[in-house]
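J.: no sequence for this one, just the structure:
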């Protein structure tokens, strides 16, 4: 049976299997049936979506399928992914369903399912949904009309904003100017309402969604306009969200990019100073710059690395009891607050640290130096473990010796293509380029 759910839910082109109306109804039916069996009562679901034009009909199809099996469904309408996760727990829903494709273009959409704990649902639930989907392809299930109950949407959205505001109730941002890029996505109405509560002067860009402009040349994947706007407005701070606002990237007052690695550096110090950096540990992925590891090490903080993906970061956070973790791309998780990356919460944490220190954003990043990085892709005919190929193993060992703890080699295969990826970080750009090309030649000779 083909796997439809990945590490971030089920995603694809809206209107095409598995994101077609019939399949979405099956997802609703399957989830409702599973919960009814497990709970021996009527299950309650809440849905939320981003601003894609396909979101409304996908939400309607899910409600129709779930209600056909007796479930009660409500909608928070357009709201962020972490917003749905919060509401699921706060209002005792049995599951929260997010309809979003995050940073993807508007033609795509997807479904993510959250448990009341805030975690994404387990694989067993998803496998049963997949089984029901493929069984439904063999049968003729009549589509049902169903209205979406969004009568409490405004109340739910306000409850989420109230929660965030209360968590940072001592934050004061008078005489502080910030630029907010909402990516024409789920944060478009929420973010301006939230940040203005703290007294900041909020200048908003890309917050006029039309169903097709989500993530288009804006948001966390396209920071050029935000950088220009921060400089033009002489702002103190800039933030850009992605389509569902579970991640955020930043711009300092000088127009420089502040990515997830820099955020982790600032947050590690801030939490430690407040006695809240449990085990003096930060969790990041293999893609985080070695500069972060070196900066943290200089403060006697420990960096734990995981595979790429916020799923793996969360697993390590829960396993080790660490207080903060994230990715370069801007997914930052504070597990004591939420088990989901929350771009608006991350922004408030950063603003709180700036307010407390009374420093500029660029000053807060001092102590973290990003090392030069090079990535070389090599076409291969087979994906043998690198350590089993003597020539590659020896060349890698020699390179590690040359780096001498002042750089890092990451050697891995692409998950979707016949490519080996050679990534090196070090103090000198020309040197690491030479080293990367040298190792790439060895791989090309051995496996190309």
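T.: Received the coordinates, thanks. Just so we're clear, the structure is a prediction, and the values are computed from it rather than from any experiment. Residues are numbered from 1 along each chain as shown.
J.: was I right to think residue 322 contacts residue 281?
T.: Yes - in this structure, residue 322 is within contact of residue 281 by Cβ atoms under 8 Å, at 4.2 Å. Every residue, glycine included, has its C-beta placed from N, CA and C.
J.: between those two, what contacts are shared?
T.: Here residue 322 and residue 281 share the contacting residues residue 304, scored by Cβ atoms under 8 Å, 6 or more residues apart in numbering.
J.: buried residues in stretch 389-407?
T.: 389, 392, 395, 396, 399, 403, 407 (16 or more other Cβ atoms under 10 Å).
J.: other residues contacting the helix or strand hosting the fifth one?
T.: Okay, so that is residue 399. Element membership for residue 399, per DSSP states H and E: helix 390-403. Applying Cβ under 8 Å, 6+ apart, the external contacts of helix 390-403 come out as 386-387, 409, 411, 424, 426, 435, 438-439, 442-443, 445-447.
J.: kindly report the same for stretch 270-281.
T.: 268, 299-304, 320-324, 336, 349, 352-353, 356.
J.: so which of those residues are in helices?
T.: 268, 320, 349, 352, 353, 356 (DSSP state H).
J.: how many neighbours does the third one have?
T.: To tie it back to what came earlier, the one meant is residue 349. 23 (other Cβ atoms under 10 Å).
J.: just checking, it touches residue 338?
T.: No - using Cβ under 8 Å, residue 349 is not in contact with residue 338, being 11.3 Å away.
J.: coming back round to it: using JSON lines, please lay out the contacts of helix 390-403 together with neighbour count, secondary structure and pLDDT.
T.: Shown next, in JSON lines, are the contacts of helix 390-403 (neighbours: other Cβ atoms under 10 Å; DSSP: H, G, I helix; E, B strand; the rest coil; pLDDT from 0 to 100):
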{"residue": "386", "neighbour count": "18", "secondary structure": "helix", "pLDDT": "95"}
{"residue": "387", "neighbour count": "11", "secondary structure": "helix", "pLDDT": "94"}
{"residue": "409", "neighbour count": "20", "secondary structure": "strand", "pLDDT": "94"}
{"residue": "411", "neighbour count": "18", "secondary structure": "strand", "pLDDT": "93"}
{"residue": "424", "neighbour count": "27", "secondary structure": "strand", "pLDDT": "95"}
{"residue": "426", "neighbour count": "24", "secondary structure": "coil", "pLDDT": "92"}
{"residue": "435", "neighbour count": "23", "secondary structure": "helix", "pLDDT": "95"}
{"residue": "438", "neighbour count": "14", "secondary structure": "helix", "pLDDT": "95"}
{"residue": "439", "neighbour count": "23", "secondary structure": "helix", "pLDDT": "96"}
{"residue": "442", "neighbour count": "20", "secondary structure": "helix", "pLDDT": "96"}
{"residue": "443", "neighbour count": "23", "secondary structure": "helix", "pLDDT": "96"}
{"residue": "445", "neighbour count": "10", "secondary structure": "helix", "pLDDT": "94"}
{"residue": "446", "neighbour count": "18", "secondary structure": "helix", "pLDDT": "94"}
{"residue": "447", "neighbour count": "20", "secondary structure": "helix", "pLDDT": "93"}
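J.: show the buried residues in the contacts of stretch 270-281.
T.: Neighbour-count burial (16+ other Cβ under 10 Å) applied to the contacts of stretch 270-281 gives 268, 301, 303, 304, 322, 323, 324, 349, 352, 353.
J.: which residues does the spatially most central residue of the chain contact?
T.: The C-alpha lying nearest the average C-alpha coordinate of the chain belongs to residue 331 (Cα atoms, centre = their mean; 4.1 Å). Neighbour list for residue 331: 246, 247, 260, 310, 313, 341 [criterion: Cβ under 8 Å, 6+ apart].
J.: next: residue 88.
T.: Applying Cβ under 8 Å, 6+ apart, the residues contacting residue 88 are 46, 95, 96, 114, 115, 116, 118.
J.: of all these, which comes closest to residue 60?
T.: residue 46 (14.7 Å; Cβ to Cβ).
J.: any idea whether the closest one is helix, strand or coil?
T.: Secondary structure assignment for residue 46 (DSSP: H, G, I helix; E, B strand; the rest coil): strand.
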